[in-house]
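Peer 1: One predicted model, sequence on top.
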Amino acid sequence: MDKFRMLFQHFQSSSESVMNGICLLLAVVTVKLYSSFDFNCPCLARYNALYGLGLLLAPPLALFLCGLLANRQSVVMVEEWRRPAGHRRKDPGIIRYMCSSVLQRALAAPLVWILLALLDGKCFVCAFSNSVDPEKFLDFANMTPSQAIGWSVTLLLIIAAFLARCLRPCFDQTGFLQRRYWSNYVDLEQKLFDETCCEHARDFAHRCVLHFFASMQSELQARGLHRDNACRSPEPPAVPEPPEVLDSGSEKAHLRAISSREQMDHLLSTWYSRKPPLDLAASPGLCGGGLSHRAPTFALGTRLSQHTDV
Amino acid sequence: TMDKFRMIFQFLQSNQESFMNGICGIMALASAQMYSAFDFNCPCLPGYNAAYSAGILLAPPLVLFLLGLVMNNNVSMLAEEWKRPPGRRAKDPAVLRYMFCSMAQRALIAPVVWVAVTLLDGKCFLCAFCTAVPVTALGNGSLAPGLPAPELARLLARVPCPEIYDGDWLLAREVAVRYLRCISQALGWSFVLLTTLLAFVVRSVRPCFTQVAFLKSKYWSHYIDIERKLFDETCTEHAKAFAKVCIQQFFEAMNHDLELGHTHGTLAMAPASAAAPTPPDGAEEEREKLRGITDQGTMNRLLTSWHKCKPPLQLGREEPLLMGNGWAGGGPRPPRKEVATYFSKV
């Protein structure tokens, strides 16, 4: 149970490692895909170049899009970019940070494919076989330029990544730390909101079903009283009671005083259109209309008051 | 154990993204594996080639799509929500659309992978279009016009089958095979690119336009799913309690009958009332669980009413079920006070 909780917390807190894992998985899939793909140079005049270059460029593009699709943070980034400002102003630095982290991870699989294709050499040979002088044709000579390019690109990338990692602290480290923190925060907040909604839906459904049974019960009892006949059940008919509550305290907390469809819809549209400020110390005060008078029952929510009385 | 289940439930729900990705990955792998295990067998006859290839390209994806829908538990939920009478709860078409879209998306993965793998492999395309190869450009163009068309078709239809191909004088088999496979692979990669682009556009563009509607639909579709499960759970609980009480009453009655039988002959001082020797401790608890629904007719009415007239999404209302009229969605009283009085009676 504890192990489970720890695992749960781990996934909750380090979405970065989850994303790295997905990135790695996609790279492995790319290698498998390349090795199982049956290269089939057409050996015809115009088709060779098209085929060779197409195979070098189209799959990486598809893999790049897959990398963007598999990464949850890309959706979070677009949501953060397009949301109305509400009570929380938008920071373009955070959006840029998220964008760059998403792009970096999405570029891994395409680069793997391109490097594999270059190191393998078949693409190159197929694409440029037309432009080779047949007299100077040597199998060896044809493979080498491709492999040379492949190895140099690999080396360049590794050096670039190394430099980027080492030199980054020299430039704007504090800004970087802030942006990393807040982009992580945005991601976690979205996850927790979804989780809270699910929890709430569960409790709402529970109350609804119990309420349904109780209505049936009280209706029966009302009819029993009307007809005034001997009751079939052994105990005397009781006054219509509210349904038995298994766990009233925690359920009430879970419901957070939202108990109708209109209120829930309003809550969801407010979450989108007016995100609460990043200020937990602000007293939950009055806000024009909406859920203001229920604000104190929110465990997590905060509302910007017209005049801060902290 | 309730806590543990709640935790698992929360974990799956909160990591639904990774969960769904995992399911998609598994289905893609299964589809690719199925293709590689399948033994493609081109008939190499003029009329049959195209039909066979079209069948292989189109029928399994359809079957996989339907299978994907069938295996999804939520299909019955969608159908139920779609066909139920409105009752006291209006139906929201946006929720239905959301549920259908999310199910269809997951069910489309395996068919797309099948089509992509089929095209990238090339055998199917080769089989279908071998009779359409440009012989004049690829082979001995001078000899082609001399052949009557059916003869040419018969010859070319055998290209996919190396053991019976006898047209090397006209067109080298390897040339035709390479040509067609190259086109097939190009089509395959274009298809893959197109579908990933489409998926990407749909996913990225959605937050720009319909985010609020999306949040609502997502919430209410979860709600409907959970509510259905909880209703089933509550009914099972009720059925258990019903069965227990029924059996207890039966034993009590039997006991009472036996005692009556004994007191006929002797002057036993057994009480005349139908007191069971020792009522089990849990008897009262079980009776309470029945919530006053103690006979078949009432239970049937309850179940009918649940389907025909779903209760409104409004807690804290005391209107009896069958006496309310219309959508009870008028001006809500402040629910906080309602909830307070609700719980204070317990």
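Peer 2: Done, it's in.
Peer 1: can you give me the helices for the stretch 1-150 of chain B?
Peer 2: Along the stretch 1-150 of chain B, counting by DSSP state H, counting those that start in this stretch, helices occupy B:2-14, B:16-37, B:46-71, B:74-83, B:93-121, B:123-129, B:135-138, B:149-156.
Peer 1: So for the fifth one, what gets flagged as buried?
Peer 2: For helix B:93-121, a neighbour-count test (16 or more other CB atoms under 10 Å in any protein chain shown) marks B:95-96, B:98-100, B:102-103, B:106-121 as buried. The C-beta positions use only the backbone N, C-alpha and C, and glycine is treated the same way.
Peer 1: How about residue A:201, nearest residue that isn't a chain neighbour?
Peer 2: residue B:223 (4.2 Å; CB to CB, 6 or more residues apart in numbering or on different chains).
Peer 1: Confirm the one you found sits in a helix?
Peer 2: Yes. Assigned with DSSP: H, G, I helix; E, B strand; the rest coil, residue B:223 falls within a helix.
Peer 1: Which residues are in contact with it?
Peer 2: Counting by CB atoms under 8 Å, 6 or more residues apart in numbering or on different chains, residue B:223 touches A:201, A:204-205.
Peer 1: ok, and the most crowded of the residues you listed?
Peer 2: residue A:204 (25 neighbours; other CB atoms under 10 Å in any protein chain shown).
Peer 1: wait, isn't that one in contact with residue A:259?
Peer 2: Yes. Using CB atoms under 8 Å, residue A:204 is in contact with residue A:259, at 7.2 Å.
Peer 1: thinking again about what came up before, any idea how far residue B:79 is from the residue nearest to residue A:201?
Peer 2: Using CB to CB, to the nearest Å, we find residue B:223 at a distance of 17 Å from residue B:79.
Peer 1: Please apply the same query to residue B:236.
Peer 2: 22 Å.
Peer 1: what about residue 202, helix or strand, and which?
Peer 2: If you meant another chain, say so; for now it's chain A. helix A:173-227 (DSSP states H and E).
Peer 1: other chain: chain B
Peer 2: Going by DSSP H and E, residue B:202 is in helix B:173-209.
Peer 1: is any part of that helix close to chain A?
Peer 2: Yes. Using CB under 8 Å from any CB of the partner chain, helix B:173-209 reaches chain A at B:175, B:178-179, B:181-182, B:185-186, B:189-190, B:192-193, B:196-197, B:199-200, B:203-204, B:207-208.
Peer 1: per-residue confidence for residue B:204?
Peer 2: Looking at residue B:204, its pLDDT reads 84.
Peer 1: meant to ask about residue B:214
Peer 2: 88.
Peer 1: Would you mind confirming that it makes contact with residue B:205?
Peer 2: No. Using CB under 8 Å, residue B:214 is not in contact with residue B:205; the gap is 11.5 Å.
Peer 1: neighbour count winner among those two?
Peer 2: residue B:214 (17 against 12).
Peer 1: Please report how far the closest residue to residue B:68 other than its chain neighbours lies from chain A.
Peer 2: Using CB to CB, 6+ apart and skipping residues adjacent in sequence, the residue nearest residue B:68 is residue B:107, 3.1 Å away. Separation of residue B:107 from chain A (CB to the nearest CB, to the nearest Å): 17 Å.
Peer 1: Contacts only, for residue B:107.
Peer 2: B:64-69, B:72.
Peer 1: from the residues you listed, which single one is nearest residue A:49?
Peer 2: Nearest to residue A:49 among the contacts of residue B:107: residue B:64, at 36.2 Å, using CB to CB.
Peer 1: Settle this for me: the closest one is touching residue B:112, isn't it.
Peer 2: No. Assessed by CB under 8 Å, residue B:64 is found out of contact with residue B:112, at 9.4 Å.
Peer 1: Lowest average confidence across helices and strands of the chain, where is it?
Peer 2: The chain I'm using is chain A. When each helix and strand of chain A is scored by mean pLDDT, DSSP states H and E, helix A:248-255 comes last, with a mean of 54.
Peer 1: where do the contact lists of residue A:204 and residue A:259 overlap?
Peer 2: Counting by CB under 8 Å, 6+ apart, the residues touching both residue A:204 and residue A:259 are residue B:315.
Peer 1: Please check the residues of helix B:173-209 next to chain A and keep the buried ones.
Peer 2: B:175, B:178-179, B:181-182, B:185-186, B:189, B:192, B:196, B:199-200, B:204, B:207.
Peer 1: For the residues you listed, could you give me CSV that also reports distance to residue B:254?
Peer 2: Listed next are these as CSV, based on distance: CB to CB, whole Å:
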residue, distance to residue B:254
B:175, 91
B:178, 86
B:179, 87
B:181, 81
B:182, 84
B:185, 79
B:186, 81
B:189, 77
B:192, 72
B:196, 70
B:199, 66
B:200, 70
B:204, 70
B:207, 67
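Peer 1: Least confident of the residues you listed?
Peer 2: For those, the pLDDT minimum is residue B:207, 80.
Peer 1: Residue A:272 versus that residue, what's the distance?
Peer 2: On the measure of CB to CB, residue B:207 and residue A:272 end up 10 Å apart.
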